[in-house]
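1. Next one to model:
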Amino acid sequence: MMKVTILGAGSWGTTLAVLLAEKGCPVSLWAHCPEFARELDRTRENARYLPGVVLPENLRIEGDMARAVEGAGMIVTAVPSQALRETLSLLREVSLEDTIIVNVAKGIERNSGKRLSEVIFDVLPEILPEKVAVLYGPSHAEEVSGKQPTTVVAASSSLETAEKVQETFHTSTFRVYVNTDIVGVEIAGSVKNIIAIAAGISDGIGFGDNAKAAIITRGLAEMSRLAVSLGGEPMTVSGLSGIGDLVVTCLSRHSRNRFLGEQIGKGKKLDEVVGQMKMVAEGVPTTKAVVALSRKLGVDMPITEAVYGMLFENKPAEEAIPDLMTREPKKEL
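-> Sure thing, here's the model as predicted:
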């Protein structure tokens, strides 16, 4: 089995590293802070982000990037989306010939409006498109690390690369499908976080199941419109990275984005909520990026626009929701 290096020792990066180590795969987990890496190696537990999960002895913990990626045939980027460019820059002096890069973070880069695979090509231009993949889907770290049944999708423009990712990560409890529509998978997996914030806002206000069902369904329509405008396939949003991840993120108690939205719906300010969270809610910077992108492309995304207004323009939910409901009547499809 080829060596895999996971960049990012948050809950998801740690979960995937443990999964591979337990499968018998040679795997290294890189932590941005060397002191944190030493703590993980000493305690064999990520008490900060994934408490209670034992780190297998065959899982190497590294705080040095060069040592972490040495000999790796696959590098998995599991850092927050807005930190991806900075992290990738540490690989510029590393020989990456024939190395597969797999991104598992979900989001759109705020300043450029680029999908994260595009960020990889920006920073590492020597990487061929067919060597880049993403691994997305409804997959809360807390459940995957507990070996609860989970299904995800590996997407790449190269079917061979997607199948290699599938082979690497597939286990009896972590089922991996493949897809060659990397654009659709990335857009679906990123926009769903915005819609989850909207669902959380609805919960915080005290609205019922009808409202949440409407947010999920019409959010799916927004997701599809943006994906298609960028060259994605409309059917992709009906898959695991689309409706699958959308449903779990809008409904789950584990969802950071739904939680953040719920606090906003209860009247709290964005800075206050973010300051109290240990982990990143990717939907916040992604909302800014997607609004800018959708306006540029002329794609109608009213729920996303409403979330933007509530997060960044201090628009009260009591105004934003009626504005959504009183828009001009339209055809469903």
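2. contacting residues for V299?
-> 222, 225-226, 229, 293 (Cβ atoms under 8 Å, 6 or more residues apart in numbering). Backbone N, C-alpha and C define where each C-beta goes, glycine included.
3. Can you pull the phi and psi angles for it?
-> For V299, the backbone dihedrals (degrees, to the nearest 10) come out as phi -100, psi 130.
4. coming back round to it: among the contacts of V299, find me the one that's closest to G267.
-> E222 (25.4 Å; Cβ to Cβ).
5. host element of that closest one?
-> helix 209-229 (DSSP states H and E).
6. Which strands and helices lie in contact with that helix?
-> helix 182-205, helix 245-251, helix 283-297, helix 302-312 (3 or more Cβ pairs under 8 Å, 6 or more residues apart in numbering; DSSP states H and E).
7. Please repeat the previous calculation with a cut-off of 6 Å.
-> Secondary structure elements in contact with helix 209-229, counted by 3 or more Cβ pairs under 6 Å, 6 or more residues apart in numbering; DSSP states H and E, are helix 182-205, helix 302-312.
8. now the angle from that helix to helix 283-297?
-> With axes from the mean of the first three to the mean of the last three Cα atoms, to 10 degrees applied, the angle from helix 209-229 to helix 283-297 works out at 50 degrees.
9. what is the orientation angle of helix 209-229 with helix 182-205?
-> Going by the same axes, to 10 degrees, helix 209-229 makes 160 degrees with helix 182-205.
10. Pull the residues that contact helix 209-229.
-> Contact partners of helix 209-229, identified using Cβ atoms under 6 Å, 6 or more residues apart in numbering, comprise 184, 187-188, 191, 195, 198-199, 202, 234, 237, 250, 297, 299, 301, 303-304.
11. ok so, going back, select only the buried ones of the contacts of V299 in PyMOL?
-> Buried residues among the contacts of V299 (16 or more other Cβ atoms under 10 Å), as a PyMOL selection:
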select buried, resi 222+225+226+293
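12. pLDDT weak spots in this structure?
-> By pLDDT under 70, the chain has no low-scoring segment.
13. Can you read off the backbone torsions of T150?
-> phi -140, psi 140.
14. from here on, count from 25
-> Got it, the first residue is 25 from now on, which makes the last one we talked about T174.
15. Let's have the helices and strands packed on helix 233-253 in CSV, adding distance to I345 and mean neighbour count.
-> Shown next, in CSV, are those (distance: least, Cβ to Cβ, whole Å; neighbours: other Cβ atoms under 10 Å):
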stretch, distance to I345, mean neighbour count
helix 206-229, 7, 29
helix 326-336, 8, 21
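16. Distance check, the nearest residue to S318 once chain neighbours are set aside against T29.
-> Spatial nearest neighbour of S318, excluding adjacent residues (Cβ to Cβ, 6 or more residues apart in numbering): M325 at 4.6 Å. Going from M325 to T29 by Cβ to Cβ, to the nearest Å gives 36 Å.
17. do T67 as well
-> Going from T67 to T29 by Cβ to Cβ gives 21 Å.
18. Which of these two has more residues huddled nearby?
-> Using other Cβ atoms under 10 Å as the criterion, T67 and T29 rank with T29 on top: 25 against 11.
19. Please name the residues that touch the residue positioned nearest the centre of the chain.
-> Relative to the mean C-alpha position of the chain, the nearest C-alpha, by Cα atoms, centre = their mean, is the one of K130, at 2.2 Å. With contacts defined as Cβ under 6 Å, 6+ apart, K130 is in contact with 213-214, 306.
20. Next one: the nearest residue to K155 once chain neighbours are set aside relative to A186, how far apart?
-> In this structure, K155 finds its nearest non-sequential neighbour in I124, 5.4 Å apart by Cβ to Cβ, 6+ apart. From I124 across to A186, the span is 10 Å (Cβ to Cβ).
21. Can you pick out the residue with more neighbours from these two?
-> A186 (26 against 23).
22. State the distance from that one to I206.
-> Distance from A186 to I206, by Cβ to Cβ: 9 Å.
23. quick one: common contacting residues for the two?
-> Among the neighbours of A186, those also in contact with I206 (Cβ under 6 Å, 6+ apart) are S180.
24. hmm, back to that, in TSV, list the helices and strands packed on helix 233-253 along with distance to A238.
-> As requested, the helices and strands packed on helix 233-253 are arranged in TSV below (distance: least, Cβ to Cβ, whole Å):
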stretch	distance to A238
helix 206-229	9
helix 326-336	9
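25. what's the closest of the ones you listed to P149?
-> That would be, of these and by Cβ to Cβ, helix 206-229, which comes in at 17.5 Å.
26. Kindly provide the distance from the closest residue to V176 other than its chain neighbours to L120.
-> If the residues on either side of it in the chain are set aside, V176 comes closest to G161, at 3.2 Å by Cβ to Cβ, 6+ apart. Relative to L120, G161 is positioned 26 Å away (Cβ to Cβ).
27. before we move on, what about M89?
-> Counting by Cβ to Cβ - M89 and L120 are separated by 12 Å.
28. One more: T350?
-> Taken as Cβ to Cβ, the span from T350 to L120 is 53 Å.
29. Next: H56.
-> Shown here: H56 relative to L120, a distance of 19 Å by Cβ to Cβ.
30. Next: G299.
-> Taken as Cβ to Cβ, the span from G299 to L120 is 37 Å.
31. and if you look at D347?
-> For D347, the distance to L120 - Cβ to Cβ - is 48 Å.
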